[in-house]
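>>> One predicted model, sequence on top.
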Amino acid sequence: MNNMKSDPKPDPFYGYQGHPVPNRLAALGNPKDKMTVSMTTAFRWFPEHEISGFEKFDDAATAVLCGEADALLVPILCPSLNSLWVRFKHHGSFVDRISPFVYGQFGKGTPASIVLHPAANRFLSQCPIQGPLEHINNNAEAPGRARRMHSALKRTIGFVAPDFVAQHEAPDQIKYVVQGADELPFVILVPRK
């Protein structure tokens, strides 16, 4: 059985380099709502492929190692990327243009905490920080977790998320852009044999 699809649609500036892309890809997020950077990239670049979504990159990696998917799609900012190299090898790579990231908050004043994915820590210099950080598994969770924390604690809670997530989950809470549209390298990993 041939489980390879042809290379993704060529893009003269962000072109894919590597081996033919396996048909079954695992990525972070839910394929139905496509509310993570990984999912939007997966469907933009590989619309003909079977794409499975997972809550954590480690769960996606396990699915590939167990044969539920053939390859793992990972942005290079993934905090667990270093640990993946032990069990996986490079199969291909490309650069995708990703959505702007925004800061938003529930409540007024300086936030007691900020909810964000660890890869978004690079934007903290542009956020009002007073309290601890609340790290989450993926960017799609940030506005919802901040809303729930604000409700439960009755304190101001901030969040950092891709603009498309914030526009969907909490459009009236967005305060400003912390990073404009940017380029982000992605790798496709396959198990070491």
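In hand now; what should we look at?

>>> what about the strands in this structure?
According to DSSP state E, the chain carries its strands in the segments 17-18, 24-28, 50-54, 71-75, 88-98, 101-106, 113-116, 133-135, 157-162, 174-179, 182-191.

>>> quick one, which of the ones you listed is nearest to Thr41?
Between Thr41 and those, the tightest spacing by Cβ to Cβ is seen for strand 88-98, at 4.7 Å. In short, each C-beta sits where N, CA and C put it, glycine included.

>>> mind listing what the residue lying closest to Gly18 once chain neighbours are set aside touches?
Residue nearest to Gly18 in three dimensions, not counting chain neighbours: Gly92, with 2.3 Å by Cβ to Cβ, 6 or more residues apart in numbering. Going by Cβ atoms under 8 Å, 6 or more residues apart in numbering, Gly92 touches 16-19, 21, 187-188.

>>> re earlier: so can I have TSV of the strands of the chain showing distance to Val37 and mean pLDDT?
Output for these, formatted as TSV (distance: least, Cβ to Cβ, whole Å; pLDDT from 0 to 100):
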stretch	distance to Val37	mean pLDDT
strand 17-18	20	88
strand 24-28	8	96
strand 50-54	12	96
strand 71-75	6	95
strand 88-98	5	93
strand 101-106	9	96
strand 113-116	13	96
strand 133-135	16	95
strand 157-162	6	95
strand 174-179	12	94
strand 182-191	7	93
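
>>> Pull the number of nearby residues for Arg145.
Neighbour count of Arg145, defined by other Cβ atoms under 10 Å: 18.

>>> Which residue ranges make up the domains of this structure?
What automatic domain parsing lists as the domains of the chain is 17-98+183-191, 101-180.

>>> Please check the contacts of Gly92 and keep the buried ones.
16, 21, 187-188 (16 or more other Cβ atoms under 10 Å).
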